[in-house]
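1. Here's my sequence, what's the structure:
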Amino acid sequence: MEALLSRYRNLTVLLVVVVGQLLYLAYQVKTSRDERLIRVWAVSAVTPMAGVVEAIRHNTIGFLQDYFILLDVREQNRKLKADNDKLRMENVYFRNQLSTAEHARALTLFQAQSPSKTVAARVIGNSTVASAKAVFIDRGSTSGIEKGMAVVTPDGIVGKVVAVYPLVAQVLLVTDPTFKVGVESQKGHVHGVLDCGNGPCVVEQIQEEEKVTPGEWFFTSGEDRIFPKGFPVGTVIAVQPGQGMKDVKLNLSGAPGGVEEVLVVLHGVHQPIPVGPVVEDSTTKALPPPPPESGAAGKQQAVSQTEADKVVQKYEQIGKEQNHVYGGLASGLPNFNAKPPANTPATQAPAPKATPQTPPPPAKAAPVLPLGAPRPKPERPTQPPQ
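-> Next up, the predicted model:
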């Protein structure tokens, strides 16, 4: 470095002097806006560098700020998601609690109305045997459960108890292939056997001459010695003729595979098959029909107010007054233009009877005289003596 300065000393000094002179001139010279030229040069030289430094600072600090803000937002999203999941779980829990309360209320009402002695139980699991359709309930021998007892719900039948343990019992569902139920139709009291093991439920052993219509209800007949007579089973959805026997398909009123609360019949009592329509939801409250109105209001309500009914009533009244029978050939046509007689009020006094008057004597006819004969003088009336 020293060798370079010693070699170009004169040139270096000249450059320093020239630069100093230019700076001095720039300090003295002003622009048209009364600004020194050296200040303009300095600002113009520093501005690009300042812009680069500011861009670097803004990008760096902005990136750090966005990073920390995103971290905060991500944490807030995580908390909101956790709260949302918690609220969903609580919603599902409360819905299940409400559904359980409704089922429990329906079971309680059904127990109060049914003459059979029952005990409520909850389904706690399914059977481990793949070929059998069975469930486990949380009632056992300690609750009086015995093998062979019927299991029902207010909607329909579920199955029967096939195994009993101290605290639990195994229930074979009616949809199992080995389970058969004796049923009886509501209208014609046709007896058959319910089989739900091969897909849709069918009622077997019904003769061709027996009358079964779609929509008809079937109830337990009690012939299987498991279910008491009178429990609803389902409705007929299709009836087709078969080979000697009718092919009757049935839709179960209950859902044996999806129930949560059931009733185990400890002591069954046979009931008659209901005659009227089956009310599926017995918990629905309905108002009684309004009583019939009596008096003038009831009569006025019974009279039709249409124009056609008024014309019919008018023609009927004309026929009664004229003793005319509509449809008879010999009676002819009534006089539809006749006005009905005005009804006299009951309180009006009867009109006085007119006294009979004697008719005046007939006047004597004048005698016929011949042409040209003098006419007789009229007789003057004689006055009585005073």
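
2. Not counting residues beside it along the chain, what's closest to Gly222?
-> Of all residues not flanking Gly222 in the chain, Lys229 sits nearest, at 3.4 Å (Cβ to Cβ, 6 or more residues apart in numbering). C-beta here means a position set from N, CA and C on the backbone, and glycine is covered the same way.

3. Revised request: answer the last question for Val248.
-> Val203 is the one closest to Val248 (Cβ to Cβ, 6+ apart), at 4.2 Å.

4. tell me the pLDDT at the one you found?
-> Looking at Val203, its pLDDT is 92.

5. Repeat that for Lys285.
-> 45.

6. likewise the one 4 residues further on?
-> Reported pLDDT at Pro289 in the predicted model: 58.

7. Could you do Gln300 as well?
-> With respect to pLDDT, Gln300 has a value of 49.

8. Then Pro367?
-> 52.

9. pLDDT of stretch 224-244, averaged?
-> Stretch 224-244 comes out at a mean pLDDT of 89.

10. Check for me that Lys229 belongs to a helix.
-> No: Lys229 is assigned coil when assessed by DSSP: H, G, I helix; E, B strand; the rest coil, not a helix.

11. Okay, it and Ser221: tell me how far apart.
-> According to Cβ to Cβ, to the nearest Å, Lys229 and Ser221 sit 6 Å apart.

12. Next, show the common contact partners of these two.
-> Glu184 (Cβ atoms under 8 Å, 6 or more residues apart in numbering).

13. If you count surrounding residues, which of these two has more?
-> Ser221 (25 against 17; other Cβ atoms under 10 Å).

14. Look at the closest residue to Gly156 other than its chain neighbours and say how many residues are nearby.
-> Residue nearest to Gly156 in three dimensions, not counting chain neighbours: Gly254, with 3.0 Å by Cβ to Cβ, 6+ apart. Neighbours of Gly254 under the rule other Cβ under 10 Å: 20.

15. if I pick Gly254, what's in contact with it?
-> 152-153, 155-158.

16. Please, which helix or strand holds it?
-> Using DSSP states H and E, Gly254 sits in no helix or strand.

17. For stretch 152-167, measure first residue to last.
-> Stretch 152-167 has an end-to-end distance of 19 Å (Cα to Cα, to the nearest Å).

18. starting at the chain centroid, how far to that stretch?
-> In terms of Cα atoms, centre = their mean, to the nearest Å, the centre of stretch 152-167 is set 31 Å apart from its chain centre.

19. before we move on, the earlier item: is the residue nearest to Val248 in a bridge, and if so with what?
-> Leu194, Val248 (DSSP bridges).

20. Since that was my last question, I'll sign off now.
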